[in-house]
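Undergrad: I would like to see how this sequence folds:
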Amino acid sequence: MAVWKSDRFGVPICVDGRMLGTGGTGVSTYARSLAAAIGRLSDHPYRLVARRTDDGSLVKWMGALRGGVKPLHRTSDASGLLLEGRDLFRRAHVHFGFHRQLLRIRSDIAPGIMHWTYPVPMMLEGWINLYTVHDAIPLNHPDLTSINPRRHRAVLDAIVTNGQGITTVSQSAHAAIVAALSCDPAFVTDTGQPVDVSDMTQGPLPAGLIRYGYFLVVGSIEPRKNLTAILAAYRRTDLDLPLVVAGPDGWHSGPILAELAATPGTIRIPYVSRAALLNLIENARALIFPSLAEGFGLPMVEAMALGVPVLTSNRGALAEVAGGAALTVDPTDVTAISGAMVRLASDDALKNALSRSGTDRAALFSADRFRARLARLYGDSLQASALVGKGPDFYD
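TA: A predicted model of the protein is given here:
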């Protein structure tokens, strides 16, 4: 097997810029981490961006009818090198809806690796196209997501047919994706997800909260986050500790919000900046995160990295990523969740033990480890392609 032995790759490596904003979702955080890693791995790191973000439905439909390969232009901004195309991301979805094929784009620069941060129905001709798929939830649990499972499956099938590989963020996600798509296991690579809380800064807490004096739930208000069971469990505890729920309204949030409002002791924070969120996590007694389905579980590992005990699910990616360093329960068992919350509120020895083990576990999800996994994948992909001569040195 080839072993990568160079610090950087000589070929261009490009990441799509659609998810590189300042949003706090796990997908956005992953995208920024991927872009940062590519900046360290390639002598020519690029971002793929849309010159305009919305040409309007008529223009996009006319473009889809005409078909053809869409050209990209090489340019740059204050952040670095760019490949730019007109309204690319929306056009790709319209094109796929019409043709059930990936939108093909083309650049006149030397080919390299195009790493898409999510399943974009688009491919860069002549390049190695890799696509990050964070989970198989839309395929295996369509009742837990707003994503159309048929369309999502069609996009993923097109990626398997036309792309050179899928990356994902856990072994559980890897197994679920392979099983759902019936693809070669080697086509999917678990490169993990880095976790970085070095930007954590202490700040004031919202009124009524004190350090280690509240439980915290993080995430959008939607069925997948299991808030109905969490709220039922919290009501059973009869604890004085507030239950803080930090996150935006999500899919089918209405009934959950009504139940939250009717539960004494809960505090809702609809929006928090990343700095405020890390401050909330760092000062919590524990993070309550028994989600029904995740590909990785970023808030859980961020809490571990900050030394905060975690209550999470005993199945899937959350159990895998926690690695025995969290208190785990059956996420459908309200009694078990309630009992675990009582233990976390009253048992300081348990709190301290979980804090230590969590910190150790979180260290495994460093940027260096993530970058090394990417380097191996990129090296293997280059060696298997016609672009191998443009990559770094290898030896067997």
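Undergrad: Which residue is the nearest non-sequential neighbour of Gly203?
TA: Of all residues not flanking Gly203 in the chain, Asn279 sits nearest, at 4.8 Å (Cβ to Cβ, 6 or more residues apart in numbering). Yep, even glycine has a C-beta here, placed from its N, CA and C like the rest.
Undergrad: unless I'm mixing things up, the one you found is touching Met200, no?
TA: Yes - with contact defined as Cβ atoms under 8 Å, Asn279 reaches Met200; the gap is 7.3 Å.
Undergrad: tell me the domain boundaries of this protein?
TA: 3-194+366-395, 215-362 (automatic domain parsing).
Undergrad: In CSV, list those domains along with mean pLDDT and mean neighbour count.
TA: What follows is those, written out as CSV (pLDDT from 0 to 100; neighbours: other Cβ atoms under 10 Å):
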stretch, mean pLDDT, mean neighbour count
domain 3-194+366-395, 89, 18
domain 215-362, 97, 20
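Undergrad: Would you convert those into TSV that also reports distance to Leu205?
TA: Below are the domains of the chain laid out as TSV (distance: least, Cβ to Cβ, whole Å):
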stretch	distance to Leu205
domain 3-194+366-395	18
domain 215-362	6
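Undergrad: So which of those domains is nearest Pro204?
TA: Nearest of the domains of the chain to Pro204, taken as Cβ to Cβ: domain 215-362 at 8.2 Å.
Undergrad: Ends of that closest one, what's the gap?
TA: 20 Å (Cα to Cα, to the nearest Å).
Undergrad: go on, stretch 79-90?
TA: 23 Å.
Undergrad: now stretch 355-374
TA: Using Cα to Cα, the end-to-end distance of stretch 355-374 comes to 29 Å.
Undergrad: contacting residues around that stretch?
TA: The contact list for stretch 355-374 (Cβ atoms under 8 Å, 6 or more residues apart in numbering) reads 33-34, 36-38, 40-41, 189-196, 301-305, 307-310, 321-326.
Undergrad: Helix or strand: which one has Leu81?
TA: strand 80-85 (DSSP states H and E).
Undergrad: name the helices or strands packed onto that strand?
TA: strand 42-50, strand 73-77 (3 or more Cβ pairs under 8 Å, 6 or more residues apart in numbering; DSSP states H and E).
Undergrad: Of those strands, which is nearest Arg376?
TA: With respect to Arg376, and counting by Cβ to Cβ, the nearest of these is strand 42-50 at 14.8 Å.
Undergrad: Give me the residues contacting the closest one.
TA: Strand 42-50 has contacts (Cβ under 8 Å, 6+ apart) with 8-18, 20, 35, 38-39, 72, 79-90, 112-114, 124.
Undergrad: tell me how far the ends of stretch 269-286 are from each other?
TA: End-to-end distance (Cα to Cα), stretch 269-286: 17 Å.
Undergrad: right, I mislabeled it, should have said stretch 176-193
TA: For stretch 176-193, the end-to-end distance is 17 Å (Cα to Cα).
Undergrad: just how off-centre is it within its chain?
TA: Between the centre of stretch 176-193 and the centre of its chain there are 16 Å (Cα atoms, centre = their mean, to the nearest Å).
Undergrad: Tell me who's in contact with the residue nearest to Gly203.
TA: With Cβ under 8 Å, 6+ apart, Asn279 has these contacts: 200-203, 205.
Undergrad: secondary structure class for it?
TA: Recorded secondary structure, Asn279: helix (DSSP: H, G, I helix; E, B strand; the rest coil).
Undergrad: Next one: it from Ser42, what distance?
TA: Noted for Asn279: a distance of 34 Å to Ser42, by Cβ to Cβ, to the nearest Å.
Undergrad: can you list the residues that contact the helix or strand containing Val342?
TA: Val342 is part of helix 334-346, with elements assigned from DSSP H and E. Under the criterion Cβ under 8 Å, 6+ apart, residues 215, 229-230, 232-234, 236-237, 239, 241, 285-286, 288, 290, 309, 311, 327, 329-331, 350-351 lie in contact with helix 334-346.
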